[in-house]
Each structure stands twice: as structure tokens, then as C-alpha cells.
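In: dropping a prediction and its sequence here:
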Amino acid sequence: MMVMTALLLLLQNSLHTENGNTMKPIPITAVHVANKYEKWDGAERNRFVQTNGVSTSNPVTQVAAKETKETKKTNVALGNLQHMIYNNQSSYGVEGTAEANTPVHIEVTDADGKQVSADVTANKEGLFQTSINGSRLKNGNVQVKAAAGEQAALKTVEKDGTFYELNKKEQEKWHISNDGTHPIESTKGMNDALQFAKANALKTFKVPAGTYMVKKENPALWNDPSACINMVPNITFWLDENAVIQKETNASEVYSTVCVGYGADNVTLKGGTYKGDKDTHDYSKKQGPSFPGTHENGIGISVYAAKNLTIDGVKATNFTGDGAGIGGKGTLLQDIYPDHFESGSLDTNGNKVADPTKIRLKAPIPFTKDILKTEPYFEMPNAKNLPYLYDVYFYQANGSFLSSYSVNTRKEVVQIPKSAASFKAVFKKANTSGVYGEFWSKALATNVTVKHSDFSFNRRQGITVGGADHVTITDSVFHDIKGVAPESGIDVEGGYGENGMMNKNIFIKNNKFYNNNKYDVILYDGHDGVVEGNHFGSRGKIGLAVSEPFTNAYIKNNTFDANSIYAYHDITFEGNSIKDGLMSITGPRAVVDGMTFDKTMFSLSSRVPFGIEAKNLTLNNMDLNVWVNPVHVSNVTINGGRVGGQAPDGSTFDNLKVLNHPGTSFVRGTYNNCMFESSPTATGGTHVDYNGTYTFQNCTFKAAKGTFNVGSKDANVTIQNSRFDINGDTTVLNIPMGKQINVVNNTITSGLLPGMNKAVIKVGDYWNKDKPFQVGQANITGNTITTGAAVEGISTIYGGVNAPAYRVQNNILHKAFLKVKPKDIVNGNQEHPN
């Protein structure tokens, strides 16, 4: 019968038999994987004892004795193994334990079956160690096997021969200090190590804990590349969470700490802290006559037209300018002056032709700049006394004409045909006096992702996006930006209008902003941006500013906490919320959809008629103001607020609800299917205060005590097919003045009680009855008026001196009655006393 028992390395200090006698401990080396003796009955136990010749009745002792006497196998185990990386792959250490003086065979095998091996003998303590060369093994999981006799131990480790660690040995090799000293040597050493990584196709560059000082710029140089850690392409620069890249204290207005330049593509900056010299910087010196003296361009991570960059889990803090600057690279191809031109044009074959209305370049501009090999396009972003629209003629290397292209938009980017070697330009201008222009190649940073990072305590910005295409900034925090304008968490500003760089396809998502001194996010220039799911928490500041040079912005599902929104044109807001703030939007082509507002000043100031559309909004304890030009408002609910503003005629309000209001005025326009319901204690009612045209169709007015009052003699007011439910003892429609008043086909229920100078609908004013009339025309037709008491339903008797005939026709009055002037046109009315 097979015997299975647990692993026993050593019995207790003494083993007791059932009769109380003791046995000395017996060392055990054999391995068994189960222990079944506790389940045996007496007969099985006796058979085991008889078969194995053990006289003691203790089954544990019986098993121990048997294993030691007859089995005695060799035990082997592997110790803790490191991952196999570039640093250790050629001498990879393997260690473990076995029986003393036992030979151990080591094999390391990759996924393809390729194998390296070594033989070693355990020492008298049972320890063994050796090394193998695993550099030829395939990257991925590799199996390490240690075999001794019939026993073997297995472990799987990861091999990544492209992973490089800047450990202590490597730091000494490259003369890098990790204690914040020796900035010159450390910066050079870091750059040398990165070049080594590039030459050896290494993919990950791991920097352990410590402080690594980056040297300050040479003030005599406009650009000092030796004062920056310069990234190489195809690398992950991975800082330990306790690693700090520190900029040396300096007096430069412009500096960079880590540079990701043009050509350094496919880079990831991961983890750690990038720290500037803000607290120790010398701000007293102006770097040169062309510098502003503001010391606002000290940057942590500087990106110059790199592609496929990821910044993940970093902290960029305490810089005199920005935590990160993501920008492009500009290369001047040619600047052109009057002597570069001659009169005339070019025909469809690129040949010269006379044309006194045009000027052309005398000589072609060659495409010889290196940047054009990888960025085959150019533009004319800066010109003086030259039109920005022009014709381009491309020529091959032998001078033969290739093709032509017409530039139809300002600063248009022109694609260079593959076989083009040069070009000429023709401008519609009769002379060359004072002309000047510049042709540039402008490469943008492309496909940049910033995530899970912290940008804080910088003077100017958390991040500046200043020339980029497809940038995503997500799941990061931006806070405590203060010191020099604009003091913003993120500023998308390339200075494109001033011969700068274009920004496009910018995505700012799921970030948190707080305690920034002026702004959280600025979209200053560029086009096509999405700002989604962010929390704007810099209270009392500007949460979002979208400036005129930025177009096609989509602002979705953000939360604005006690700050402001300023936006211009070509913008859509959807699903956002704002409280205790301010929102101002000017249009045109602006949409505000699905937003919730709490205690916020909300102003629609459209630059052009109907340049703003507001829909599906909820406004709590605040007003809706419309200024400058008419707009379209639909499905908007205002709780506890008013409608206001003095936009001219023409606004349209569909399904507007103004609930629990304390009294509200109206904006000029047409109100369709709207509801106006005052708070239970409000006495202000609703009122038309200004001239213009006001039309109410299918609307509802509810109040305990609220009068609809017309307060402008030049107002044209039409109320039709609407309903008034006014429970209190008050006039429902008070019309002391107005130009043209139409009250047609409405249903009115009133709680008015009898009294002097009281009526449900009152045209004119008792106190001005002896003065010239102020209601030009009134048409009160087809209404149904129901009161609880016998009161004046429609009164025109106080219309004033020389008041015209008003039309009072086809009205139905329940309990109420008419009181009209003799000259009024009155017919078809019905008065029902009950």
C-alpha cells in the first residue's frame, strides 16, 4: 500500500509513544505530498506496522523512520530571482539551496525552446549560485530550472533585454550623482547614457530614487542643449516614484529641464518628479534686450514637434514658467523682399507671361531644408503689403514645370508634391513697393498624451499647448498656478495670429483644477477642441475661457464650481453644470444645451441675430439675461429667477418655464407654450418694461397675486390662446400704456374682489384719466373671464383724453361685467351673472 504523508523536515524535540516513552528526533529529507494516516482504521494501521517492521504504535514515528531509512531523496530550491534585463542578461545570477556538496544543473529556456545552461555544486551549507549568459534568449517569459538528482525546481521570470536600469554601477560609469550635486557632470552623463540606450536599441530607461540636478543654461547662448536632458526616440524614461529631476538655480528667463525634440518620437515619460527653481531663482536680471524680463519661460518638460509622446504619472512643479510646454518646430525657408519680385505672372505651364496686375518671384525657392524630407509642406504665415492668397508653381530638379496650386485661405498649409524641387509664387498686386513675406515649414507636436499627472505651483501654466495636433490631457490635476500671467492650469495658445503655431484636435478630459490664480483652462487659438468631464474648482476665478481665435470647441459634462465661463463663437456646451458663477457667451454659432445652473449670472450676448441657441437648460435661483441681439431659447426652466435683458425684437422662447419667480420682466420676442408661475408670496407679477414687440402664444400665467403689466407706451403686446390663473385680489392685465395691445382667445380665472379702480383687464389708468391717452390701440376679443364675485371684467373707461375706440368683442364673462367707453367697438360679448 502506497504511503502518503506530509513534508517533515525535523520532528519535535522529542517524539512520544503512546505509553509515554520518548524517542530522539529523526531528520527527514524526503518529500511526500499527503498525510492519510489519520483516516486509517485499526486494521489498516496494524497491517502498516507489520509490513514496515516498526514496533512503535505512533504512526508519525513509523512514517518518519521509514522515509529516512529507505527513500532519502535530494531536495533543491531556487532562491529569489530578478527579472532578466539589459544590465544583467549577459551575467544573470541564479542561486538556491540543495543538499550539501550536491551537483546542481541549471537550465534557462525561452518561449522558442532556446536554452542556456550551467553546472554548479552546492557548498557545505547547501547553497549554490552561478551566472549564465541570457543575452541570446528571446524577450518574454523564460523558465529557470535547477535540477539535483531526481529533484527539480522551476521558476518563471520575465526577460526584457531592452530594459536598462541606471543603477549605482551605471551612475558611476556615467558620472551621474543622485544626491543633487554635480549638475554639469550629471546632465552630461544622463545624456550620454541616453545616447548609449539609443545606440543599443534599449526601450526602457529606469532611473532609481534620488535627486538628479540638471545644469543651468550658459547665459551667452540663445539655446544651450547641454542644459537639458535630451530624450532619444523609442524610449520609456521611467523615474522611480522617489526620483527627482531638479533644475539648477539660475537667472535665465528661458530654460528647459527635459527636452523632447523633433525626431524624438515614440517617447514615454513615466513617474517621478520634475522640479524647477522657482523658489530660489534670480528674477532680477533681464537676459537680453529682446526679452520681456518676466522670467516666464522656465519649463519642466519641453516638447518640440515630437510625435507619439506619452507623459504618464509625473509631477511637474515649481517652475518659473510651465510644468510642460508642448509646441512645434518652425523652420524659415525663405523671406522675400521687393528685389525678389518682378512684374508679371506664370501661365498654366509655369512659363512667364506679362500681366501688369500681378508680381512673381524672379527665382524659384528650393526645397533644400532637411525638415522638408519628413514634413513636406509649407505656409506663408507672415506678410506685409502682400495678399495672403496667391498661386504656387512647382518645378522638378531639372527645372521642368510640375504642377500648380492656388492658396485660397489665409495662412493655408501647402502640401509639396513628391517630385517637386522648388516653387515660385505669383501674387495679385500691381507693384512691389514695401512688400515682405516669409515662407515657413512648421512641424507640430503630434499624438501627445498626458495622463495621471500633477502640474502645480508653477508661475505661468501647468501646461502650455503651443503648436500641436491631437493632444489628449486626461485624469490629471492642475493647481496652485500663480506668479505671472496668464496663471492658468492649461493654456492652449500657439500665437498663430502672430506668426506662431497652430493648435488643433485638443482633448482635455476628466481632469481636476483648483486654486489657480486666474484661469483653469484657456482655449486661446486653434480649432477643434473637446473639454469633457473636468472639475473646474478655482473658486472666484475663470474656469474656462474660449477666445475669439479658437473655433469648433465642444464643452461637455464639466462641473464649474464658483467660477466663470467666457466664450465667443463656434462653440457647443452640452451637459455641463455651474453653480455660484457667471457665464457669458457671445456667438455666433454658439449652442448651450442640457446645462444646469445654480445661483449663476447667465448672459446671452449674441454678436449677430440668432448667433446663440440655448436649449434644455435648468436655472436655479438665478436670472436669464439676453442682450445685444435676439436669440433662440427652448425647453428652459428657471426656478426662483427672472428673465431680463434688452435685446432688440426677434428672440424666440419655446417651452420656457419661469417658476417660483418673485416677479419678472420680459425680453422682446415671441413666447410659445411658456409658463410663468410666481412664488406664493410674490406681488411683483410680470411686466413689459420696454418698447418693442412681445408675443405670447399658448402660454400659462399663474400667481397668487400677480399682475401682467404693460409699462411702455411704445410696446406692442399680443397675448393669445393663453391662460391666466390669478387667485388673489388683483388686476390680471393692467394696460396703462402701450402702442398696440391684442388680448385674444385667452382663458382668465381671477380672484378679484369688488372695489374702486379695479378690473380683471384694465385699459388706461384712473390717475391719468384726465391726461392724453397712452394706449394707442387695444383689441380685446374672444376671451373667457371667470371671477368669484361681480367685478369689472373689462374696463376701458380710464383710457384718457381723446382715447381712440378700442375693440371689445366676443368675450364671455362669468359673474364679471363690461365697463367700456361709449366710443369703443363693442359687440358679441356675453355676460353671465352666475
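Out: Arrived safely.

In: where in this structure is the helix or strand with the lowest mean pLDDT?
Out: Within the chain, confidence by mean pLDDT, DSSP states H and E is lowest for helix 59-66 among all helices and strands, at a mean of 30.

In: show me the contact partners of the helix or strand following that one.
Out: On the C-terminal side of helix 59-66, the closest following helix or strand by DSSP states H and E is strand 77-78. For strand 77-78, contacts defined as Cβ atoms under 8 Å, 6 or more residues apart in numbering pick out Val94, Glu95, Gly96, Thr97, Ala98, Val144, Ala146, Ala153, Leu154, Lys155. Yep, even glycine has a C-beta here, placed from its N, CA and C like the rest.

In: who does strand 77-78 pair up with?
Out: Using DSSP bridges, the strands paired with strand 77-78 are strand 92-97 (antiparallel).

In: tell me the strands beside the helix or strand just after the partner strand, with direction?
Out: Per DSSP H and E, the first helix or strand lying C-terminal to strand 92-97 is strand 103-109. When pairing is defined by DSSP bridges, strand 103-109 lines up against strand 115-121 (antiparallel), strand 140-148 (antiparallel).

In: what is the helix or strand following the first one packed up against?
Out: It refers to strand 115-121. As assigned by DSSP H and E, the chain's next helix or strand after strand 115-121 is strand 127-132. If you count contacts as 3 or more Cβ pairs under 8 Å, 6 or more residues apart in numbering; DSSP states H and E, strand 127-132 packs onto strand 92-97, strand 103-109, strand 115-121.

In: what's near enough to touch the nearest residue in space to Arg668 that is not next to it in sequence?
Out: Excluding the flanking residues, the one nearest Arg668 by Cβ to Cβ, 6 or more residues apart in numbering is Gly692, at 3.8 Å. Counting by Cβ under 8 Å, 6+ apart, Gly692 makes contact with Pro648, Asp649, Arg668, Ser712, Asp714, Ala715, Asn716.

In: name the helix or strand for Leu202, please.
Out: Assigned by DSSP H and E, Leu202 falls within no helix or strand.

In: if we can go back for a sec, most tightly packed of the strands paired with strand 103-109?
Out: Comparing those by mean neighbour count (mean count of other Cβ atoms under 10 Å), strand 140-148 comes out on top with a mean of 18.

In: if I pick the nearest residue to Gln720 once chain neighbours are set aside, what's in contact with it?
Out: Counting by Cβ to Cβ, 6+ apart, Gln720 lies nearest to Val744, which is 4.2 Å off, once chain neighbours are set aside. Neighbouring residues of Val744 by Cβ under 8 Å, 6+ apart: Thr718, Ile719, Gln720, Asn721, Asn779, Ile780, Thr781, Gly782, Asn783.

In: save those residues as JSON lines, and put in distance to Ala805 and secondary structure too.
Out: Putting these into JSON lines (distance: Cβ to Cβ, whole Å; DSSP: H, G, I helix; E, B strand; the rest coil) gives the following:
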{"residue": "Thr718", "distance to Ala805": "19", "secondary structure": "strand"}
{"residue": "Ile719", "distance to Ala805": "20", "secondary structure": "strand"}
{"residue": "Gln720", "distance to Ala805": "21", "secondary structure": "strand"}
{"residue": "Asn721", "distance to Ala805": "25", "secondary structure": "coil"}
{"residue": "Asn779", "distance to Ala805": "11", "secondary structure": "strand"}
{"residue": "Ile780", "distance to Ala805": "12", "secondary structure": "strand"}
{"residue": "Thr781", "distance to Ala805": "14", "secondary structure": "strand"}
{"residue": "Gly782", "distance to Ala805": "18", "secondary structure": "coil"}
{"residue": "Asn783", "distance to Ala805": "18", "secondary structure": "coil"}
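
In: distance of the closest residue to Pro549 other than its chain neighbours from Lys286?
Out: Spatial nearest neighbour of Pro549, chain neighbours left out: Asp525 (3.7 Å); criterion: Cβ to Cβ, 6+ apart. To Lys286, Asp525 is 27 Å away according to Cβ to Cβ, to the nearest Å.

In: ok, Gly711 next?
Out: From Gly711 to Lys286 the distance is 61 Å (Cβ to Cβ).

In: one more: Gly330?
Out: 24 Å.

In: related to what we said a few turns ago, now the buried members of the contacts of Gly692.
Out: Neighbour-count burial (16 or more other Cβ atoms under 10 Å) applied to the contacts of Gly692 gives Pro648, Asp649, Arg668, Ser712, Ala715, Asn716.

In: just these now: which is nearest Trp627?
Out: Pro648 (9.8 Å; Cβ to Cβ).

In: helix or strand right after the lengthiest helix in the chain?
Out: Taking DSSP state H as the assignment, the helix of the chain that covers the most residues is helix 183-199. Per DSSP H and E, the first helix or strand lying C-terminal to helix 183-199 is strand 204-207.
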